[in-house]
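A.B. asks: What shape does this take:
(4 chains)
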Protein chains: 2
Amino acid sequence: MSDSMEPAEVKRTEALSAEIFTNIANKWALLIINTLGEGTMRFTELCAAVEGVSHKMLAQTLRILERDGVVNRLVHPTVPPRVDYSLTDAGLMLRTTVNAMCVWTRQHVHHIDQARQRFDERQV
Amino acid sequence: MSDSMEPAEVKRTEALSAEIFTNIANKWALLIINTLGEGTMRFTELCAAVEGVSHKMLAQTLRILERDGVVNRLVHPTVPPRVDYSLTDAGLMLRTTVNAMCVWTRQHVHHIDQARQRFDERQV
DNA sequence: CTGAATCCGAGCGGATACTG
DNA sequence: CAGTATCCGCTCGGATTCAG
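C.D. replies: Numbering: from 1, shown residues only, chains lettered A, B, ... in the order given. Model (predicted):
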């Protein structure tokens, strides 16, 4: 695959990869992706479903995810406006790995809690 | 499982989950975990292997991951000092999901690149 | 309801210098 | 080599306000 790419092309691809990873490797993006995995949701529903996210960060992060083709944005031309958010096919694939992260977290809460106590004791 | 927990206990667990997720759901933590998945590394090796990470953020993030029982820190009492970092068992499990994220990114670079161009055109 | 815009504080993150 | 500490710009992120 990389055989058929010019050096400059390879470099741009790497830069893009880093940029994309930065976009999705943050708290809000991951939580939003994971939540949207449960199905289509409206803006307000998402705001309530994603624990702790603010109005602003939700809008901002959704814009990034939409641009990167992870999230679909469907606007209903009604009054008041209704906008449905859902995962694209690419987003759905990503979601399975994100969900695995969430599951891992839940499964290791207790284990980590103990690790922390041991660590904190050691540091006096 | 949650049947056997007091309400206060449940609440603390949820708070811990959120905190843990915040710790690992960020660029540097994920990149470090993924890199350490390839094997034990010294501080300087990691600093070179994790693209773009600074001395400071590496040390800071490693401390957090060590405290959360994701990363092992083995100090050799030699001069000059030698410190080996590796993933714990929990860290290894987490790594498989993190790696899946990295793979997803690489596989979708081109697709995302096109999605962005379409998005940017639409916004004029 | 969906969103963009603004203000503003807190924390990220780089550069640098300093210890053991 | 590994790590901490300091300085400092800049972005993150919350609260609020305004528009469609």
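A.B. asks: tally of neighbours for A:V79?
C.D. replies: The burial count assigned to A:V79 is 6, neighbours taken as other Cβ atoms under 10 Å in any protein chain shown. For glycine as for every other residue, the C-beta is placed from the backbone atoms N, C-alpha and C.
A.B. asks: so where does it fall, helix or strand?
C.D. replies: A:V79 is located outside every helix and strand, with elements delineated by DSSP states H and E.
A.B. asks: quick one: low-confidence parts of chain A?
C.D. replies: Judged against pLDDT under 70, the low-scoring parts of chain A cover residues A:1-3.
A.B. asks: Kindly recompute the last result at 80.
C.D. replies: Within chain A, the stretches with pLDDT under 80 are A:1-4, A:124.
A.B. asks: Can you name the residues of it sitting close to DNA strand D?
C.D. replies: A:N26, A:K27, A:W28, A:G52, A:V53, A:S54, A:H55, A:K56, A:M57, A:P80, A:P81 (Cβ under 7 Å from any atom of the strand).
A.B. asks: Tell me which of those fall in helices.
C.D. replies: Using DSSP state H to define helices, the subset of the residues of chain A next to DNA strand D located there is A:K27, A:W28, A:H55, A:K56, A:M57.
A.B. asks: Please list which of the residues of chain A next to DNA strand D also come close to chain B.
C.D. replies: When the residues of chain A next to DNA strand D are filtered against chain B using Cβ under 8 Å from any Cβ of the partner chain, the residues retained are A:N26, A:K27, A:G52.
A.B. asks: tell me the contacts of the last one?
C.D. replies: For A:G52, the contact set (Cβ atoms under 8 Å, 6 or more residues apart in numbering or on different chains) comprises B:A18.
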